[in-house]
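**Student:** Could you look at this predicted model? Sequence included:
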Amino acid sequence: MCGIVGVYLRQDACLPILVAGLRVLEYRGYDSVGVGVLQGPEVVVRKRAGRIEELEKALGQGDLSDASIGIGHSRWATHGAPTDDNAHPHTDVAGRVAVVHNGIIENYLEMRRELEEKGVVLSSETDTEIIAHLIAEELDCGVALDQAVHRALGRLQGYYALAVLIGGDRPQLVCARKGPPICVTATEQGAFLASDALALLPHGREIVFLEDGDVAVLAPASITVRDADGRVVERPARRIDWDAQASDKGGWPHYMLKEIHEQADVVGRCSKGRVNLARGAVELGGRGFTDHELRKIARVQFLACGTALHAALVGRYMLEGLAGIASDVDFASEFRYRQPVLSPQTLAIGVSQSGETADTLAALRLAKELGCSQLAICNSIGSSMVREADSSILIEAGPEIGVASTKAFIGMLVAVYLFAIRAGRARGVLSEKAARGRLEELHKVRPYVERLYGEDMSARVEGLARRHVKAKGFLFIGRGVNYPIALEGALKLKEISYKHAEGYPAGEMKHGPIAMIEPEMTTVVLASNDAVASKVRQNIEQVRARGGPVICVGSDAESMAVADEAVEVPEVGPWLSPLLNVIPLQLFSYFIARELGCDIDKPRNLAKSVTVE
Ligand code: F6R
């Protein structure tokens, strides 16, 4: 989704920094891009529909090369088509103020009408443009920019992260937050802002995340933050130790492939320092729950979207099986508009890579209002979910750039597994010995994960993808803990290859989907050697009896023997097979999408972090 960058340098040129920052944010998905810089006292805006290369053409041959203060934006259209006019920054009529914005202004139609009645001619269809006009109105009353921003924001309803640039004799750079994230860092050379900490890492590792209602004024070596009441406040800086190379492709053809190959490391990082094998214990640290609190949990309500929801579905099996806690999973987007009935003894667990997904955040806030305690299982250290929840477990996947989530999914599975063992021990469901056994199984998984994307396996899955790329459609089926993996396999395939794919619990097949079976429909069956293996075998037979080709993924040798083709996956403990089975499915989607020439890291219509509804 949209990205914001901003910089105020003591002397050097800011444009290369703005463009480099926008490039870092490209992975989030966008359809137009722009910058606003100060040339002397003048605000100069250049913006284009399309990719950064289009903007670079518009920037021409260095006529703005002496500008040292500026803002930039990559837009993912919500109000108005992705055109040059609708791209950010937007300015007021006099061109004194430039604004870039992430989020949604809910009362923008009303504000638009009010401005038009005063004779203001708007030049775009966006909700953002009105912010520039409102700030200009406040400036006309003679207040300083941060106050003008504060007062203008007071007239708006909705959610925003924004950066504002003002020209004239006293140039200023201001940013504000209510909802979507914005973070800042300062050095002797300058001050920097961005909607994503990744874009700040080349400039500093001590990052300050603004809180809701904050307005910050930036200048070289200086950041002054005021809270919603206008008081100057100190916001703590968090150190981000992500490897600067981690957001680089590092020689891989696609981020998705690179991230698939990082999954063994994610298992290692997510378990590191949290597993005490000798004591059969999990130590999660931070603002964790006490044993007493864990014993009081009557129910868990998982809330998530997309791939994170699939991790939550696996989590339900883990929490029920390992900790004896009744668990539900809901689409965050559904939960927030139901009238959910939750007792205060319910623990709401939000699962999210970004920690900023609007629906998951809203669902967690609703659970909080209902009196539930909340846990965020998340990849982003300074994210809204981590800051707002009572407790959090970071999945330590490192930056995930490919739009299709892969390594974060593995991290989520490990984190929920650890939490389930921690809760199982606290509640007396798991003995020390049993917990140790489960932790040893996790330890064994790591080399298996690595093997599953090794050369042999990749070549095998690539061959399968070539043979099946022309299939009319794909059905993914699984049972028990591998049912969510069937959903995940289908989601991965559709999002990056645009092939029609459906995920189903295998037992549901005969209640409808079996009608789709024919020679052009490929069925991918998750078949681990577990308690439901014989049932899954029956499903394979049913598909084959109707002429449908079957690819079997898993550790059940008998299923593999009856399938047309198979990908053998090592056998592991009962809750861990999803960690392995998902990897061939990720590779399968990758190779199909590559065969079809799709834009794998930036699939059409998708954004990395969905911060609007
Ligand atoms: C799929 C994918 C999305 C996200 C979903 C939730 O590959 O990336 O389905 O999983 O948008 O995002 P987070 O995890 O950031 O809440």
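**Tutor:** Sure thing, it's come through. No experiment lies behind these values; they were computed from the predicted model shown.
**Student:** interface residues of the protein facing the ligand?
**Tutor:** Taking Cβ under 6 Å from any ligand atom as the criterion, the chain approaches the ligand at residues 305-308, 352-354, 357, 360, 404-405, 491, 495, 609-610. C-beta here means a position set from N, CA and C on the backbone, and glycine is covered the same way.
**Student:** Confirm G285 sits in a helix?
**Tutor:** No: the assignment for G285, made by DSSP: H, G, I helix; E, B strand; the rest coil, is coil rather than a helix.
**Student:** Run a quick check on it versus G273, I expect a contact.
**Tutor:** Yes: between G285 and G273 there is a contact at 7.4 Å, judged by Cβ atoms under 8 Å.
**Student:** Pull the contacting residues for Q11.
**Tutor:** S68 (Cβ atoms under 8 Å, 6 or more residues apart in numbering).
**Student:** for it, phi and psi?
**Tutor:** The phi/psi pair for Q11 (degrees, to the nearest 10) reads phi -140, psi -40.
**Student:** And it, how far from D66?
**Tutor:** Distance, Q11 to D66, using Cβ to Cβ, to the nearest Å: 10 Å.
**Student:** Then V341?
**Tutor:** 62 Å.
**Student:** Could you do E541 as well?
**Tutor:** If you go by Cβ to Cβ, the gap between E541 and D66 works out to 73 Å.
**Student:** Let me see the ranges of the strands in the stretch 351-500 of the chain.
**Tutor:** Using DSSP state E, counting those that start in this stretch, the strands of the stretch 351-500 of the chain run over residues 373-378, 391-394, 473-478.
**Student:** what packs against the last one?
**Tutor:** In terms of contact count using 3 or more Cβ pairs under 8 Å, 6 or more residues apart in numbering; DSSP states H and E, strand 473-478 is assigned the packing partners helix 483-497, strand 501-505, strand 521-526, helix 533-545.
**Student:** mind exporting the longest one as PDB, just the C-alpha atoms?
**Tutor:** This points to helix 483-497. The C-alpha coordinates for helix 483-497 follow below in PDB (Å, rounded to 0.1, in the frame of the first residue of the first chain):
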ATOM      1  CA  TYR A 483      -6.200 -28.400   6.000                       C
ATOM      2  CA  PRO A 484      -5.000 -24.800   6.500                       C
ATOM      3  CA  ILE A 485      -2.000 -25.700   4.400                       C
ATOM      4  CA  ALA A 486      -4.400 -26.700   1.500                       C
ATOM      5  CA  LEU A 487      -5.900 -23.200   1.900                       C
ATOM      6  CA  GLU A 488      -2.400 -21.600   1.900                       C
ATOM      7  CA  GLY A 489      -1.300 -23.600  -1.200                       C
ATOM      8  CA  ALA A 490      -4.300 -22.400  -3.100                       C
ATOM      9  CA  LEU A 491      -3.900 -18.800  -2.000                       C
ATOM     10  CA  LYS A 492      -0.200 -18.700  -2.900                       C
ATOM     11  CA  LEU A 493      -1.000 -20.100  -6.400                       C
ATOM     12  CA  LYS A 494      -3.800 -17.700  -7.200                       C
ATOM     13  CA  GLU A 495      -2.100 -14.600  -5.900                       C
ATOM     14  CA  ILE A 496       1.100 -14.900  -7.900                       C
ATOM     15  CA  SER A 497       0.100 -16.900 -11.000                       C
END
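**Student:** Counting neighbours, show which residues of it come out buried.
**Tutor:** 483-497 (16 or more other Cβ atoms under 10 Å).
**Student:** Could you verify that V184 is part of a strand?
**Tutor:** Yes: applying three-state DSSP, one finds V184 inside a strand.
**Student:** what's whatever residue of the stretch 301-450 of the chain ends up closest to the ligand in contact with, if anything?
**Tutor:** Per Cβ to the nearest ligand atom, G306 is where the stretch 301-450 of the chain lies closest to the ligand, at 1.9 Å. Contact analysis of G306 by Cβ under 8 Å, 6+ apart lists S405, L491.
**Student:** which regions of the protein lie under the pLDDT threshold?
**Tutor:** 61-62, 243-247, 612-613 (pLDDT under 70).
**Student:** Quick check: can you list the domain ranges of it?
**Tutor:** What the record gives for the chain is the domain set 3-241, 249-453, 454-602, from automatic domain parsing.
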